[in-house]
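> need the 3D shape of this:
(one chain, ligands or ions: 1)
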Amino acid sequence: MSDKKNKPADVVANIVSLAKRRGFVFQSSEIYGGLNGCWDYGPLGVELLRNIKEEWWKSMTYREDVEGIDAAILMHPRVWEASGHVENFTDPMIDCKVCKARFRLDVLGDSISDKKKDKALNDLRFEIKDNSSLIEKLENKIANPGDEDPFNLILEDNDLGKLLLSKLNCPQCGNLNSFTDARKFNLMFKTFIGPVEDSSAVVYLRPETAQGIFVNFLNVQSSARQKLPFGIAQIGKAFRNEINTKNFLFRTREFEQMEMQFFVNPKNDKQWYDYWKAERLQWYKSLGMNPNKLRYHDHPANKLAHYAKEATDIEYEFPFGWGEIEGIHNRTDFDLSRHEEYSGKSLKYFDDETKEKYIPYIIETSAGASRGFMAFLIDAYYEEEVNGEIRSVLKFHPKLAPIKAAIFPLVNKDGMPEIAREIEKDLRRNFKVFYDDKGAIGRRYRRQDEAGTPFCITIDTQTLEDRTVTVRERDSMQQERVSIDQLSKYLNDKIIM
Ligand code: GAP
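This next block holds a predicted model:
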């Protein structure tokens, strides 16, 4: 068997196609032409997504210092003023006056070729050649871009951005100098609560689950009789009206988050930040994600969000490059202080032991369930050559696999289907299993490989003699005989491993 893990450039396209064909992910409202930035999870996808969320929930809340909650998606509109989302949760946006296409200014450079960028920069240099301070600013941005594209940095600059824009053609219709000035575009979806559609009834679909945790800090702390340090975890939908959705599930308008806020004494913030940073990376590894495709991206001090003291992203190497799958932040006392100020209610914690009263610091772990889903799906995808044929296989960790075992009678006669149905009935009590009696055994294996099923159980002639079956393991394709009465325990041991 040769491993063809070196993924082709169009690996995302292959995976999107497999995801549709096998029922992992469908485009939302497909029969109406789809709805941009929204996706539906099919029968296999919903199992994979549930398993990811279940593993996260277990690892985060099956411990004595973290409680779970499930807060409402709609929250009091003042929440989003306190959090800063009404004012700051914006992207700079420009429109083409000719074709009406809309672009995010800060990433416009990504859709322009290097050759065209060089030409536009040279034209800009020529235009500002007599203005030494602008020239200096321009060259400084080119020489010190940090980890940003200097072209995008220049586009975002108050003095240089507009001039550079005038040298560009619209990536959609090709017209030169056709862009509007940049405007702030708020990413929150607005709706109305109650029957009157006026400004006093505006509410937002939450753009993150975290705020539902902050506002419940004291409710949870007192009802669960928790002492600091402790955390609150939540899984739920979040909504962002992203201007540019892209890369399948990577940036969507509706997605799920798995967030945990850990409340600590400010004196211990560093210790807990380091602890959660290590824990969260380990979680991905423990579920089989390739460690070589995982890394931290620590935010440099000059790039930290205004509320953060320290921050890192856990990144996965997608076929299109490294991308954040989870953020870990030391959010200081920013969130609770702001909610205290805007609600007028004290959110201070009284420490019985030290007799201190203070606003806790928060260490946040914020993972995307849908983005994690995509990373697990891509990481598990292999194309391998077996006996001169290519098999597509999803090598999910057994805990994440949508179907845990498939059950095949070798032939549909001689009492084999009856035994197979007996096994299916028994295993179904604890596992998601699949019964298949159609086609040659090799084809049945291939279908399960593509669905990521870790074990295939075959009932054959020997079963009739000694009540043993073959269990074929997906990745090694090795088979072993297991007694029928040991099957449940066998699967349990292998899945929990
Ligand atoms: N409470 C902090 C927060 O929401 P974030 O970095 O904006 O931080 C956290 O989001 C995680 O949510 C990201 O690491 C990503 O996995 C996921 N996420 C954010 N925006 C997303 C989008 N438009 N589509 C899919 N996942 C998204």
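
> what's the first helix or strand after the helix or strand containing Ile213?
Using DSSP states H and E, the element containing Ile213 is helix 210-214. Next helix or strand after helix 210-214 toward the C-terminus (DSSP H and E): helix 217-223.

> next one: that following helix to chain centre, how far?
Relative to its chain's centre, helix 217-223 lies at 28 Å (C-alpha atoms, centre = their mean, to the nearest Å).

> same question for stretch 198-212.
That offset, for stretch 198-212, works out to 22 Å (C-alpha atoms, centre = their mean).

> what does stretch 300-314 give?
Stretch 300-314 sits 19 Å away from the centroid of its parent chain (C-alpha atoms, centre = their mean).

> pLDDT score assigned to the residue nearest to the spatial centre of the chain?
By C-alpha atoms, centre = their mean, the chain has its centre lying nearest to Arg371, at 2.0 Å. pLDDT for Arg371: 97.

> just to confirm, which helix or strand has it in it?
Assessed by DSSP H and E, Arg371 sits inside helix 369-380.

> before we move on, the earlier item: isn't the residue nearest to the centre of the chain right up against Phe248?
No: using C-beta atoms under 8 Å, Arg371 makes no contact with Phe248, being 9.8 Å away. C-beta: built from backbone N, CA, C; applies to glycine.

> kindly report the residues of the stretch 151-300 of the chain close to the ligand.
208, 210, 240, 242, 251-252, 255, 257, 259 (C-beta under 6 Å from any ligand atom).

> and Thr365, what element?
Under the assignment here (DSSP H and E), Thr365 is part of strand 361-368.

> report the distance from stretch 121-139 to the chain centre.
Centroid separation for stretch 121-139 versus its chain: 41 Å, with C-alpha atoms, centre = their mean.

> pLDDT of it, averaged?
In the prediction, stretch 121-139 has an average pLDDT of 92.

> which residues does it contact?
Stretch 121-139 has contacts (C-beta atoms under 8 Å, 6 or more residues apart in numbering) with 142, 151, 154, 157, 159-160, 163-164, 167.

> hey, what's the residue of the chain found nearest the ligand bridged with?
Closest residue of the chain to the ligand, C-beta to the nearest ligand atom: Gly368 (2.2 Å). Taking DSSP bridges as the rule, Gly368 bridges to Gln257.

> thought it was touching Gln257?
Yes: using C-beta under 8 Å, Gly368 is in contact with Gln257, at 6.0 Å.

> so where's the stretch 351-497 of the chain uncertain?
By pLDDT under 70, the low-scoring segments of the stretch 351-497 of the chain are 497.

> can you pull the contacts of the nearest residue to Gln462 once chain neighbours are set aside?
Closest residue in space to Gln462, ignoring its immediate chain neighbours: Thr468 at 6.3 Å, by C-beta to C-beta, 6 or more residues apart in numbering. By C-beta under 8 Å, 6+ apart, the contact set of Thr468 is 462, 481-484.

> check Ser366 too.
Per C-beta under 8 Å, 6+ apart, neighbours of Ser366: 208, 210, 257-259, 326-329.
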